[in-house]
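K.L.:
Predicted model and sequence below, questions to follow.
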Amino acid sequence: MSAAAVAPRVIAPERHDLLSWITTTDHKRIGILYMGTTLFFMAVAGLLAMAIRTQLARPGETLIGPHAYNQIFTLHGTAMIFLVIAPFGLGLANYLIPLQIGAPDMAFPRLNATSFWMFLFGGLIVFAGAATSEGAAAAGWTSYVPLSEITVASGLGQDLWIVGIALVSVASILTSLNFVTTAFILRAPGMTMWRLPIFTWEMIATALLIFMAFPSLTATLLLLFVDRRFGGHAFDPAFGGSPVLYQHLFWFFGHPEVYVLILPFFGIVSEIISTFSGRPMFGYTGMVLAAFAIAGLSMGVWAHHMFTTGAVNNPFFSFVSFLIAVPTGIKFFNWICTMWGGAIRYPTAMLYAVGFLVNFLVGGVTGVMVASPPVDFQAQDSYFVVAHFHYTIGGGSLFALLAALYFWWPKVYGWMLDERLGKIGFAFTFIGFNVTFMPMFFMGLFGMPRRIYTYANAGALPALNIVATAGSYLMLIGALLFVVNVIVSARRRVPAGNNPWDATTLEWATTSPPPEHNFEALPPIRSSRPLWDLAHPRSPESSS
Amino acid sequence: MTTARGVFVVAALFTGVLAVSYWFTAHEPAGTTLLTFMTAALTTVAVYMFFAQREANLYADNPNATMRDAAGEHVGTFVTRSPAPFWIGITLTAIVLGFVVAPAAAGLGIVVLLFLAGLMIVRSR
């Protein structure tokens, strides 16, 4: 092995007190702060979801009133989309990108830390609305006008939602700037762009999407705030404004956001499937190009959320929406071909990755269905859409999130999570998820609209709802088992070693957890799998 | 850097084509404007990278480079701690909350933010 020292000088020795965490600019600590914060928000959003499902267990249930219900589903959706799924991907990328490319830190460490604090405070501001006299925002995570205009939502909660999400939006843009600059400029010698790990490529595509889409969100929120607080009329039809304009501006961000929520998790699943299949990623170039194809096409589909407005060109948006299935299909093909004939192992991380494939397939196929305007006209604002979206983001991203936790936990903390508890937790989560959301397809087809706090005691709806609620409690058990797993494993502290999974990317070349400067030494980088090359120098497949 | 620049060039071309085709199929101004702005932004970055590439000489772009090639007298330093980001976060929060509860108060926050930003620039030299 030929390796050279790359450790840069650091200004001071590493500290672990509270002040050191508040003032840190180390990408790994910022990544941990990001992921810890998202898990906190996920716990809150999960409890809100349990309240929703408990209220809907039976028709006519009076546990939650209509206004409180509106606030709860608004906070649940807002938290999961803006404060959990997307930021977890950003947090993991914060931790991993410098390690995967052999860099000592992010390109702009202070900006990186600033982005985190903006994200955290933005999230807390959104939830602070619940403490105001008229309660939190209640217009849904989309905050459609006129529901979010001052004439309908006069409380401070909606204003706090707007400024909180604006902070989160700007923080995401700044973080993306950091990712792209880091991946382009700070790669280790020999780490050419076409040797980058798939996860890093997916994060570059995600960052590009954030650049393109999030400014539209920030501008929309600014216009809405001016409408509410300074007498603007951008979205008020009585003064020449247009609610449809709000939908255009919002969904120009909103649909690419769906891919911001999923592309990082495609990267996670790619890394895990490749590792536990004992094979390089099938069709590496195809995977990278598919990620950018998805990112590009997702910028041209925003108005498929507006088919029923009658104010958009339905054939254009339907056609482009169908097209996205092609690169997504390429990814599925490559994942399956990677596993095909491989020496597959099934630790908990791999189980969650396979669970992702199954659930996301259901979400993707039903997505193609609602990309067809005639079907969408039937499914619009029904529980069918709720089921589709949750299969995509819940069954997709959330399962990949859990896979990532089990896969990289040993690297971050240096000790293993318990596999037996992990697999039991996976069983509860997978079964619970499908029992919760599969009935929702049928609820939607039977005409149950979303965002209602109760429903008629008629037909199959009561039976389907009680099944869905029972499934949600199975998921709750799965979540609690993860917490138990962390506590039990923290007591046992089974050492992980540098590379417990026999993985092949650079983050596994350093200690677990990595030192402040990331690497004492780097192996030669001659392919996208430098650790495999190092372990098999005489293999004809080795690039070194 | 060629691949990195290519990402932005292709993205700019794609969104440009999308903007034109959208206008001719939908004749809808809001979406066309958004796509046009996006194309302009991506083109700006692509043009910047075209010039930046002339200056760049990254060992990472050499497929046969080793750590030894990149070694030199200056190995660089990374700041691992700074109080500025936290206080900038607090100040931005105060500013946006100021706009909600008392817009005049937000002005004070902006002054503090400018002071902090200036301090950070001075300290980072």
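P.N.:
Right, received. Where do you want to start? These numbers were taken from a predicted model, which means no experiment stands behind them.

K.L.:
Distance-wise, check A:Trp201 relative to chain B.
P.N.:
Using C-beta to the nearest C-beta, to the nearest Å, A:Trp201 is found at 10 Å from chain B. In this view, the C-beta of every residue, glycine as well, is placed from N, C-alpha and C.

K.L.:
tell me the contacts of that residue?
P.N.:
Residues near A:Trp201 by C-beta atoms under 8 Å, 6 or more residues apart in numbering or on different chains: A:267, A:287-288, A:291.

K.L.:
ok, of the residues you listed, which one's closest to chain B?
P.N.:
Among the contacts of A:Trp201, A:Val288 lies closest to chain B (C-beta to the nearest C-beta), at 9.8 Å.

K.L.:
Give the residue spans of chain B that score low on pLDDT.
P.N.:
Residue ranges of chain B with pLDDT under 70: B:1, B:73-76, B:124-125.

K.L.:
Show me where it has its strands.
P.N.:
Taking DSSP state E, the strands of chain B run over residues B:77-78.

K.L.:
Looking at chain B, which helix is longest?
P.N.:
helix B:29-55 (DSSP state H).

K.L.:
May I ask which two of the contacts of A:Trp201 are separated the most?
P.N.:
Greatest spatial distance among the contacts of A:Trp201 (C-beta to C-beta): A:Gly267 and A:Val288, at 10.3 Å.

K.L.:
Quick check: neighbours shared by those two?
P.N.:
With C-beta under 8 Å, 6+ apart as the test, A:Gly267 and A:Val288 both reach A:198, A:201.

K.L.:
Nearest spatial neighbour of the most centrally placed residue in chain B, chain-adjacent residues omitted?
P.N.:
For chain B, the residue nearest the mean C-alpha position is B:Val45 (9.3 Å; C-alpha atoms, centre = their mean). The shortest distance from B:Val45 to any non-neighbouring residue, by C-beta to C-beta, 6 or more residues apart in numbering or on different chains, is to B:Phe8 (4.8 Å).

K.L.:
The one you found: what's it in contact with?
P.N.:
If you count contacts by C-beta under 8 Å, 6+ apart, B:Phe8 has them with B:42, B:45-46, B:49.

K.L.:
now A:Thr132
P.N.:
A:155-157, A:160.

K.L.:
and it, how far is that from A:Asp159?
P.N.:
Taking C-beta to C-beta, to the nearest Å as the measure, A:Thr132 falls 9 Å from A:Asp159.

K.L.:
For A:Thr504, give me phi and psi.
P.N.:
Per-residue torsions, A:Thr504: phi -120, psi 0 (degrees, to the nearest 10).

K.L.:
For it, grab the count of nearby residues.
P.N.:
25 (other C-beta atoms under 10 Å in any protein chain shown).

K.L.:
Verify the contact between it and A:Leu534 for me.
P.N.:
No - using C-beta atoms under 8 Å, A:Thr504 makes no contact with A:Leu534, being 9.1 Å away.

K.L.:
where does the residue in the stretch 51-200 of chain A that chain B sits nearest to sit relative to A:Arg53, distance-wise?
P.N.:
For the stretch 51-200 of chain A, the residue closest to chain B is A:Trp117, as judged by C-beta to the nearest C-beta, at 2.7 Å. Remark: distance between A:Trp117 and A:Arg53 (C-beta to C-beta) = 33 Å.

K.L.:
Look at those two and report which has more neighbours.
P.N.:
For A:Trp117 versus A:Arg53, neighbours defined as other C-beta under 10 Å are more numerous around A:Trp117 (23 against 20).

K.L.:
mind listing what that one touches?
P.N.:
Taking C-beta under 8 Å, 6+ apart, we find A:Trp117 in contact with B:85-86, B:88-90.

K.L.:
May I see those residues arranged in JSON lines, with neighbour count as well?
P.N.:
Putting the contacts of A:Trp117 into JSON lines (neighbours: other C-beta atoms under 10 Å in any protein chain shown) gives the following:
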{"residue": "B:Pro85", "neighbour count": "26"}
{"residue": "B:Phe86", "neighbour count": "20"}
{"residue": "B:Ile88", "neighbour count": "23"}
{"residue": "B:Gly89", "neighbour count": "22"}
{"residue": "B:Ile90", "neighbour count": "16"}
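
K.L.:
Go through these and name the one nearest A:Trp508.
P.N.:
Among these, B:Pro85 lies closest to A:Trp508 (C-beta to C-beta), at 29.4 Å.

K.L.:
what kind of secondary structure is the nearest residue to the closest one once chain neighbours are set aside in?
P.N.:
Sequence neighbours aside, A:Ala113 is the residue nearest to B:Pro85 in space, at 3.5 Å (criterion: C-beta to C-beta, 6+ apart). Look at A:Ala113: counting by DSSP: H, G, I helix; E, B strand; the rest coil, its state is helix.

K.L.:
Any idea which residue is closest to the centre of chain A?
P.N.:
A:Ile85 (2.9 Å).

K.L.:
Just read off the phi/psi values of it.
P.N.:
The phi/psi pair for A:Ile85 (degrees, to the nearest 10) reads phi -60, psi -60.

K.L.:
try A:Val312
P.N.:
Residue torsions, per degrees, to the nearest 10, at A:Val312 are phi -130, psi 160.

K.L.:
burial of it, as a residue count?
P.N.:
Using other C-beta under 10 Å, A:Val312 is surrounded by 23 other residues.

K.L.:
The one 10 residues further on now?
P.N.:
For A:Phe322, the neighbour count with other C-beta under 10 Å is 16.

K.L.:
That one and A:Thr504, how far apart?
P.N.:
36 Å.

K.L.:
ditto for B:Phe14
P.N.:
Distance from B:Phe14 to A:Thr504, by C-beta to C-beta: 32 Å.

K.L.:
what does the stretch 401-544 of chain A have sitting close to chain B?
P.N.:
Proximity of the stretch 401-544 of chain A to chain B, by C-beta under 8 Å from any C-beta of the partner chain, involves residues A:516-517, A:521-522, A:524, A:526.

K.L.:
quick one: contacts for the residue nearest to A:Ser133 when sequence neighbours are not counted?
P.N.:
With sequence-adjacent residues excluded and distances taken as C-beta to C-beta, 6+ apart, A:Ser133 is closest to A:Gly155, at 7.1 Å. A:Gly155 sits next to A:129, A:132-135 when contact means C-beta under 8 Å, 6+ apart.

K.L.:
Next, A:Gly155: phi, psi?
P.N.:
phi -80, psi 170.
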